[in-house]
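In: Sequence and computational prediction follow.
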Amino acid sequence: MSPSYNQFPCRTSDSRLSAKSLITGLVFDIRKYSIHDGPGIRTAVFLKGCPLRCIWCHNPEGLSPSPEILNRRERCVEGDGSKCGRCLRACPLAALEGRPGLDPRRDAGTPACSACPSFGSCAEACPAEALQLVGRRMSVEEVMAEVVKDRPFYEDSGGGATFTGGEPLAQPEFILGLLRACKAEGIRSALDTSGWAARELILEAGALADLVLFDLKLIDDRRHEASTGVPSAPILGNLVALSAAGARIALRVPLIPGINDSPLDLEDAARFAASLGGRMNVHILPYHDAGRGKYGLRDEAYPMGEARSPGAEAARAAALVFERSGLDARIGG
Amino acid sequence: MRERVRLLREESFAARPSFSAERAAMTTAFYQEWLGRVSTPVLRAMNFRHLCERKAIYLGERELIVGERGPRPKAVSTFPELNCHSEEDLRILDSRAMTSYSVSEVDLAAYRELVIPYWRGRSLRDRAFALIGEDWKALYEAGLFTEFMEQRAPGHTALDDSIYRKGMRERRSEIAAARAALDWGSDSEALARDEELKAMDIACEGYSIFARRHAALALEKAKAEGDPARAAELRAIALACDRVAEEAPRSFWEALQAYWFVHLGTITELNGWDAMSPGHLDQHLAPFYERDLAEGRLDREGAKELLACFWIKVNNTPAPPKVGVTAAESGTYNDFTNINLGGLKADGTEGSSEVSYLALEVLDELQLLQPQANLQLSALTPDRLLKAACRVVRRGSGYPSLFNADEITTAQLGMGKSLEDARSGGTSGCIETGCFGKEAYLLHGYLNTPKVLELALNDGVDPASGKRIGLGTGDPADFASFEELYSAFEGQLAHVVGLKMRVSNFLDGMYAEYAPAPFLSSVVADCIARGRDYYRGGARYNTDYVQCCGLGTTTDSLSAIKTHVYDRRDVSWAELIGALAADWAGREDLRLLMANKTPRFGNDDDAADGIAQRVVASWHAAIDGRRSPRGGAYHIDLLSTTCHVYFGLKTGATPDGRRAWAPESDGASPAQGADRKGPTAVAKSLAKIDAARTGGTLLNQRFLPQALEGERGIENLGSLVRTYFKMGGHHIQFNVVDTATLREAQKRPEDYRSLLVRVAGYSDYFVDLDNNHQEEIISRTIQEGF
């Protein structure tokens, strides 16, 4: 079920959304002291929703373009020598007639909640953080209020804001608004993208961002689609265009065992990267299973099974492949 | 590391601290003979000279820098004139599981037969406690505060460069000149000054005797030495000791030896808190280092070896053993000597040199408990030095800690010091700001602020005992607004602080009267010129600090009450007070609500940080600027050392969701686990407190080793520190160790003997900490790089 080209999110008409405060988007995390996604000390803003389904994804909570409730039932204190019931009182559906037995302690986070008129109110009320709302609608101003807090750290370290996800380009108005706001604030921005976006959008975003962290996963179109859900050709086309437009790009190569870590695939990728011209920076990001626990919390099977992280040696070997093509490669973001 | 250093280090690391009754017995016999025949300062000085003449001296194999406080390395003297251990105390010291000191039967007998019978009822502590009122004792026993001076002499003393410029001969001629200049015609204190100056002269003579005895011992050993190389070293030791007995040092070696004898002198005379610190050691040694290298007397490795030998000497002097409450508040062998590196010179230029790098290398390679070292980071400090320090931090021992030299200068200007003096000051003890060699800045004990709030929540009654020990500020259920609660808190604070200061001032007077320190006075600026003791206002500057604890816990508790009882009104006073009294039994939901749904300090959230600012302002109003008997003023600092664990054991559940008897927040750090937005948010929150209006704030941060990997990890860490300081932060220190390692160390302590961790303003061996402290460190929020 791969999206076709015309499913790229497109910008809606500019004129009606000119008032800045109208631009909102879905954010699932904001993390300070982010030091692996661009230079210096950064704040990483995680935009929710991604059109790709990479099987190694370590942020599964960033995939769906809607808010979700994470239900960590083991944290619930109800009955644990303690009465709580706050989620129950906050749940509009539990109170509705005709829905006997809906209980957020059990049902929050299941499709039963999809009709909820105040989605997340149960999580808001939960003192134990057993129910957690993942994905909040925020305005550009709200995000920037958090981002500017660490300005002194950006200035000394050469850092800034990194917009990641999810796929930030899946929320076109929002990401453009954020990148423009960074420019206005004098804060350097980085865009961390899969490259899956309408050409016009990625070029516009690329012109606004000080750095694009561009994923280079697999050159082979068919195998790319098999493991990410989308073909590689439009992505590579975007990369060429972005590079030609003069954007500052760092290529991010996730090193995934059995997917793209064969010498042949790496050489393909290196050749492609080298063909872009200039001394492109390449970051080798070895696969890790830090996301495994998140799948468990979501009651989903971990798609990577028992795959192991490639050792330091494999990562160095991969970096060497890119260096031999005249690129600056390093391990880690 | 040279073989000599490796072996000396191993010896020092392995030596078990022991108790030595030598000083106590000699002092007792001396007092028995002399008390009442001469003035107190002269008595103290004569006793000091007597110790210098007669105490057993030690010169170990392979040593280059010589001298020990006790008869052998890690043998600790006691000071019965201040606080006399009982037989039971000594048995506990010998047998307790943590920070024990072996006590021999001979020493025990000396205490039983000579020391205890004389000092029981005569020691300063016994006399003071007999005079202190019940109202103070009730607060003290309830754990509202501690009192530093009940067991150890006032301390936090660091030296400037004068001992490298001036020998004892010159010092004694200054003393003679001061005596000759006394105005017997109109100065009503002339006699007291004369006695004090006489005492300083006797003490300086004692120092010279002590140095010459080491010279003689070295020569004697040289004659008997079969190895010609070692014999030559022993002759060089003799030369250095002989030179610094009377004159200023000429070489790197002599400079270190001169400092070490002065250090030993001050910690033999009295057991001042934080032993003694050389202050800006790298700045003081740099001219000697450069001259020795230029003249071919020394090379870099040779200098490093001498510096390492000095380091090991400091490690050989564990803290004098304490008893009772004070043992709980500071259970460590660390005596807190803190070496300042980098920083500024008096003329405002940058202070680092090659010696700064040598010291960092020594610190890194030796991995010893003492001395600790810190980097005084100014805007002028080169990045190269900051990075070198961060690389040592990454190793995980918690050394060096980092201080903001520019803020320390500003803070001291604010306290009225001259610009030159302020720049040449720095940090001693844990995080305390002071003017090296020119100031007596005394700490008076920790203040348990969450417990003060507990009194306000209980109408002045201590829930632990049911006794009213505070003011009757009313039933909180009657407080119509948060402001009324806050007034009750401030009322209790004023009450507690008022009582504390009365006793601190009284003890200050006791020390001036009964335990003057003529030797220390002779090396601190202006004591000679004024003819006054260090403990009587003789130093150029006089400052008194009260260490205010529990900022995070207090702020979060107030914030939780404000949020839930007054703003959202989803919790009633009756519900909250009931849950606190029951230590949240059956109300885990309420505990989590207060902990998790409240703006908390350390997240760069103005709602919480504004309350923290207000708490600091309340401390200020209660303490800052009040006069002390030595002519100085009180100031606050935000330091808990390990006292937040002791205070926690005295304090019931708090409204921030903390359980009864659990540790309180440490120093000025956020409460354990309250900070969830990473180290930059913590730094921003802390920077909202005007550190320059305090004598120091302490911030602990714990990092996973992975967050500091590579050159970028170092650069980002350095940048984090620089930015925090640019915003006015005072201090930051790091533990770089993962939880799994600490858990392993708990299980197999024998395999982790040398695992150093940052505890408070100092590091300690993790396996030497009691379980409370171990758990407290593990519970600190871990900062990752995302």
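Out: That came through fine. All of these numbers come straight from a predicted model, not from anything done at the bench. Residues are numbered from 1 along each chain as shown, chains lettered A, B, ... in the order given.
In: tell me which parts of chain A are close to chain B?
Out: A:31-37, A:40-41, A:44, A:77-78, A:80-84, A:86, A:127-129, A:149-150, A:152-153, A:155-157, A:159, A:332 (C-beta under 8 Å from any C-beta of the partner chain). Placement of C-beta: from N, CA and C, glycine included.
In: Let me see the domain layout of chain B.
Out: In the assignment given by automatic domain parsing, the structural domains of chain B cover B:1-37+B:68-132, B:441-783.
In: in the stretch 201-333 of chain A, which spans are strands?
Out: Taking DSSP state E, counting those that start in this stretch, the strands of the stretch 201-333 of chain A run over residues A:211-215, A:249-255, A:281-286, A:328-331.
In: what helices or strands is the third one leaning on?
Out: With contacts defined as 3 or more C-beta pairs under 8 Å, 6 or more residues apart in numbering or on different chains; DSSP states H and E, strand A:281-286 has these neighbours: strand A:249-255, helix A:312-324, strand A:328-331.
In: next one: the longest one
Out: Contacting strand A:249-255 under the criterion 3+ C-beta pairs under 8 Å, 6+ apart are the following elements: strand A:211-215, helix A:233-244, helix A:263-275, strand A:281-286, helix A:312-324.
In: change it to 6 Å
Out: strand A:211-215, strand A:281-286 (3 or more C-beta pairs under 6 Å, 6 or more residues apart in numbering or on different chains; DSSP states H and E).
In: ditto for the last one
Out: Applying 3+ C-beta pairs under 6 Å, 6+ apart, we find strand A:328-331 packed against strand A:281-286, helix A:312-324.
In: Redo those as JSON lines? Include mean pLDDT and mean neighbour count.
Out: Formatted as JSON lines, the helices and strands packed on strand A:328-331 follow (pLDDT from 0 to 100; neighbours: other C-beta atoms under 10 Å in any protein chain shown):
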{"stretch": "strand A:281-286", "mean pLDDT": "94", "mean neighbour count": "21"}
{"stretch": "helix A:312-324", "mean pLDDT": "94", "mean neighbour count": "17"}
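In: Can you tell me which of the ones you listed is nearest to A:Ala241?
Out: strand A:281-286 (18.6 Å; C-beta to C-beta).
In: what angle separates that closest one from helix A:312-324?
Out: Interaxial angle, strand A:281-286 versus helix A:312-324 (axes from the mean of the first three to the mean of the last three C-alpha atoms, to 10 degrees): 160 degrees.
In: quick one: B:Gln370 from B:Tyr399, how far?
Out: Between B:Gln370 and B:Tyr399 the computed distance is 10 Å (C-beta to C-beta, to the nearest Å).
In: Please disregard the earlier target; I meant A:Ala123.
Out: With C-beta to C-beta as the criterion, A:Ala123 and B:Tyr399 are 43 Å apart.
In: Neighbour count: these two, which is higher?
Out: The neighbour count for A:Ala123 versus B:Tyr399, taken as other C-beta atoms under 10 Å in any protein chain shown, is higher for B:Tyr399 (28 against 23).
In: show me what contacts the more buried one?
Out: Counting by C-beta atoms under 6 Å, 6 or more residues apart in numbering or on different chains, B:Tyr399 touches B:Leu363, B:Gln372, B:Ala373, B:Ser763.
In: If we check chain A, which of those are in contact?
Out: Counting by C-beta under 6 Å from any C-beta of the partner chain, the subset of the contacts of B:Tyr399 that neighbours chain A is empty.
In: ChimeraX command for the buried members of these?
Out: Selection of buried members from the contacts of B:Tyr399 for ChimeraX, criterion 16 or more other C-beta atoms under 10 Å in any protein chain shown:
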select /B:363,372,373,763
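In: Out of the contacts of B:Tyr399, which comes closest to A:Tyr302?
Out: Using C-beta to C-beta, those come closest to A:Tyr302 at B:Ser763, 40.6 Å.
In: ok, the residue nearest to B:Trp273 when sequence neighbours are not counted - contacts?
Out: Leaving out its chain neighbours, the residue that sits closest to B:Trp273 by C-beta to C-beta, 6 or more residues apart in numbering or on different chains is B:Gly155, at 3.4 Å. Contacts for B:Gly155 were tallied using C-beta under 6 Å, 6+ apart; they are B:Gly272, B:Trp273, B:Asp274.
In: before we move on, what about B:Met149?
Out: B:Leu507.
In: What subset of the residues of chain A next to chain B is buried?
Out: A:31-37, A:40-41, A:44, A:77-78, A:82, A:84, A:86, A:127-128, A:149-150, A:152-153, A:155-157, A:159.
In: quick one, strands of the stretch 551-700 of chain B?
Out: B:633-637, B:700-703.
In: Which elements pack onto the host helix or strand of A:Thr43?
Out: According to DSSP states H and E, A:Thr43 maps onto strand A:42-47. In terms of contacts (3+ C-beta pairs under 6 Å, 6+ apart), strand A:42-47 is packed against strand A:24-34, strand A:160-165.
In: Enumerate the sheet neighbours of that strand, specifying parallel or antiparallel for every one.
Out: strand A:24-34 (antiparallel), strand A:160-165 (parallel) (DSSP bridges).
In: Just name the most buried of the ones you listed.
Out: Mean neighbour count (mean count of other C-beta atoms under 10 Å in any protein chain shown) peaks for strand A:160-165 among these, with a mean of 28.
In: immediately after that one, which helix or strand?
Out: helix A:172-185.
In: what sits up against that following helix?
Out: A:9, A:11, A:23, A:25, A:140, A:144, A:148, A:161, A:163, A:168-169, A:189, A:201, A:205, A:208-209.
In: buried residues in that helix?
Out: A:Pro172, A:Glu173, A:Phe174, A:Ile175, A:Leu176, A:Gly177, A:Leu178, A:Leu179, A:Arg180, A:Ala181, A:Cys182.
In: quick one, the following helix or strand past it and helix A:233-244 angle?
Out: Downstream of helix A:172-185, the first helix or strand assigned by DSSP H and E is strand A:189-193. Taking the same axes, to 10 degrees, strand A:189-193 and helix A:233-244 form an angle of 160 degrees between their directions.
In: before we move on, back to that, of the residues of chain A next to chain B, which belong to helices?
Out: Among the residues of chain A next to chain B, the members falling in helices (DSSP state H) are A:Arg86, A:Pro152, A:Phe153, A:Glu155, A:Asp156, A:Ser157.
In: and which of these is nearest chain B?
Out: Nearest to chain B, judged by C-beta to the nearest C-beta, of these is A:Ser157 at 3.7 Å.
In: which residues touch residue 30?
Out: Since no chain was named, I'll use chain A. A:Ile30 touches A:Val45, A:Glu146, counting by C-beta under 6 Å, 6+ apart.
In: That was the other one, I meant chain B.
Out: B:Phe30 neighbours (C-beta under 6 Å, 6+ apart): B:Asn47, B:His50.
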